[in-house]
Structure formats: structure tokens, C-alpha cells
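Chemist: One predicted model, sequence on top.
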Amino acid sequence: MAFALGMDAFSVGLGIGMQEIRLKRIFIIGLVVGFFHILMPFIGLMVGSFISGKVEGIAVLAAGLLLCGIGFQMIMQTFIDHGGQLLAPVGFGLFVFAFTVSLDSFSVGLSLGLSGIATAFAIIIFGIFATILTWTALLIGRRTHYLLGTYSEILGGSILFGFGLHILI
């Protein structure tokens with residue numbers, strides 16, 4: 001289950017990693033995504049199953065729209081000279097990114113609370129897997145950026161946009 005939850009972060013991380021991104025930023029992004037993959041299931045446990053049916057549809061819609069927006073923005077940025085500005089998620093955008101890829105773990109947290117699984121252990125494993133998969137994806141994307149140049153940002157934006165559409169559909 002931890003691997004499946006972390007694959008969202010992996011998929012989106014590939015797209016983000018195709019930008020020109022520093023190793024320090026990769027490290028920070030992975031840690032924040034891992035933290036959110038611990039936080040969101042914990043919040044899901046606390047909120048309970050009553051609210052999950054009402055909020056889940058809205059959360060999925062928001063996640064899909066955000067990913068489509070980020071992907072579209074990445075594609076458009078390739079046609080604009082950004083003067084070497086880092087476009088990877090920073091500041092508040094990093095938290096929005098981490099929140100978006102960890103939304104599915106919220107509903108998993110709801111179901112874990114009902115099943116009686118050793119939740120603390122499971123939630124920590126979710127965070128570890130998400131962190132490692134995010135780092136792996138960002139490093140693969142970073143390598144791809146150096147091989148493909150500017151086209152890698154278009155490819156990365158297309159991956160994010162496509163993933164957003166997948167969530168919406």
C-alpha cells in the first residue's frame with residue numbers, strides 16, 4: 001500500500017525533475033512530500049469516515065486541477081525566457097505540490113482507522129516510501145533534463161498535465 005501511495009509522488013516527481021533542479025532542492029522536496037504522506041493519513045484517521053464521503057470528491061477534483069495547472073504552466077514557461085529562474089516547487093508552492101500528491105493518502109488514513117492496522121507503523125512507512133520514490137523520480141527527471149534540454153520541460157509539463165487529467169477522469 002505504501003508503494004502504491006508513493007507512486008503518485010513518483011509520477012509527478014518525474015515531471016518536476018525534468019526542470020533544471022539542484023540536488024539540495026531535490027532533497028528538500030522529497031522530505032516535504034514524505035512528511036505530507038505521514039500527515040495526511042494521520043489527519044484522515046482523525047477526521048473519520050463520516051466526512052470522507054463528502055470531502056473526497058472535492059479533494060480529487062482540486063488535485064486534478066492543480067496538477068493540470070502546474071503542467072500547463074511548465075509547458076508555457078518553456079516558450080518564455082525565464083533567465084535561469086528555478087521553477088521547481090519552492091516556498092508555498094512546495095507545500096501545495098506535496099499536499100496535492102498526498103491527497104490520496106488522506107482517504108487511506110480513514111480506512112486504516114477503521115481496520116485496526118498498526119497505524120503508526122503504516123503511516124511512517126507511507127512517508128518513507130513517498131520520500132524515496134520522490135527522490136528517485138526527481139533524480140531520473142534531472143538526468144533526463146540534461147539529455148533532452150528544453151524539450152524535457154515540455155515533456156515534464158505534459159506528464160503533470162496528463163496525470164492531472166487522469167485524476168479528473
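Modeler: Nice, thanks for sending it over. Residues are numbered from 1 along each chain as shown.
Chemist: ok, residues contacting stretch 96-108?
Modeler: Around stretch 96-108, the neighbours that count as contacts under Cβ atoms under 8 Å, 6 or more residues apart in numbering are 1, 5, 8-9, 12, 16, 29, 32-33, 35-37, 39-41, 43-44, 47, 52, 56, 59-60, 62-63, 66-67, 70, 89, 126, 130. Glycine gets a C-beta too; all of them are placed from N, C-alpha and C.
Chemist: Now do stretch 97-110, average pLDDT.
Modeler: For stretch 97-110, mean pLDDT is 74.
Chemist: I misspoke; the intended subject was stretch 142-152.
Modeler: Per-residue scores along stretch 142-152 average to 69.
Chemist: any idea which helix or strand comes after the host helix or strand of A62?
Modeler: Using DSSP states H and E, A62 falls within helix 49-77. With elements assigned by DSSP H and E, the helix or strand that comes after helix 49-77 is helix 92-101.
Chemist: which of the residues in that next one are buried?
Modeler: Of all the residues in helix 92-101, those buried under the rule 16 or more other Cβ atoms under 10 Å are 94, 97-101.
Chemist: now stretch 3-16
Modeler: 5-16.
Chemist: And for stretch 155-164?
Modeler: 155-161, 163-164.
Chemist: any low-confidence regions in this protein?
Modeler: Residue ranges of the chain with pLDDT under 70: 48-60, 63, 74, 77-88, 107, 110-118, 146, 148-153, 156.
Chemist: Just want the most central residue of it.
Modeler: Central residue check for the chain by Cα atoms, centre = their mean: the C-alpha nearest the mean position is that of V101, 3.1 Å away.
Chemist: ok, now how distant is that residue from F10?
Modeler: 9 Å (Cβ to Cβ, to the nearest Å).
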